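1. I would like to see how this sequence folds:
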Amino acid sequence: MRYVRGKWIRDDVPAPTSRYRMDHSPTTTKELPCGRLRLVAYSPYGSVSWSTCWQETKGSSLKREIPGIIKAVEKAARELVEKLAEAERQAEIRRLEYLAAEERHRQEEDRRRIHQSIQESKDELKRIIQVWGEVMNVERFLQGVEERTSELPAEQRDAVLQRLKLAREFIGTQNPLDFFRAWKIPIERYIPLAAREAEKKTEGDCM
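-> Model prediction:
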């Protein structure tokens with residue numbers, strides 16, 4: 001396009017006479033409608049890429065091309081059917097591979113969680129045994145103090161026994177069953193996939 005007398009015109013269009021030389025006028029490139037028909041055929045499927053076009057020219061109309069266009073489209077359609085079937089086959093392969101990878105990840109995560117629940121259960125049991133041992137040491141100490149209160153005068157014995165009561169309240173439970181009941185076995189921490197699937201199957205059979 002060339003800018004002449006306040007407007008852009010095609011560079012191949014004869015310009016109005018001007019006292020300025022045409023070589024000195026500014027030019028640019030723009031897309032403009034050419035006034036000729038273009039026919040574009042393309043694949044409507046995203047998995048198969050195909051397109052072609054037919055363009056009219058000054059000396060050739062698309063009317064003359066219609067028989068050839070029909071043949072070309074029919075041929076392409078047959079080829080696209082085969083390509084589409086192959087694309088769908090490849091897509092199914094990718095889908096199955098994805099599902100297999102997801103299942104492997106699920107099984108690996110299940111094994112990790114099982115191992116983690118076992119380890120956490122062991123660690124907690126060790127802590128319970130350790131804490132209970134410490135509590136029992138304290139209890140033996142308190143029992144020893146209580147036994148020796150019989151040697152004290154009544155007034156002093158009452159004061160010591162009151163202190164023993166406060167000490168036991170401060171320490172909390174000293175019953176080993178209380179500690180043991182708080183312990184969680186592995187399946188209480190994490191239910192494995194196999195157990196969950198078996199439960200679902202049992203529920204399905206009962207319905």
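2. sec struct for the residue nearest the centre of the chain, please.
-> By CA atoms, centre = their mean, the chain has its centre lying nearest to Glu102, at 10.9 Å. Per DSSP: H, G, I helix; E, B strand; the rest coil, the secondary structure class of Glu102 is helix.
3. now it: how far from Cys34?
-> 53 Å (CB to CB, to the nearest Å). Bear in mind the C-beta positions are built from the backbone N, C-alpha and C, glycine included.
4. swap in Val145?
-> 109 Å.
5. Pick out whichever of these two has more residues nearby.
-> It is Val145, of Val145 and Cys34, that has more neighbours when counted by other CB atoms under 10 Å, with 14 against 11.
6. pLDDT score assigned to the more buried one?
-> You'll see Val145 listed with a pLDDT of 87.
7. right, and it touches Val160 too?
-> Yes - using CB atoms under 8 Å, Val145 makes contact with Val160 at a distance of 6.8 Å.
8. shared neighbours of these two, anything?
-> By CB atoms under 8 Å, 6 or more residues apart in numbering, Val145 and Val160 have no common neighbours.
9. Tell me how far stretch 120-136 lies from the chain's centre.
-> Distance, stretch centre to chain centre, for stretch 120-136: 39 Å (CA atoms, centre = their mean, to the nearest Å).
10. buried set for that stretch?
-> With burial defined by 16 or more other CB atoms under 10 Å, the residues of stretch 120-136 counted as buried are Ser121, Ile128, Trp132, Val135.
11. Nothing else from me, thank you.
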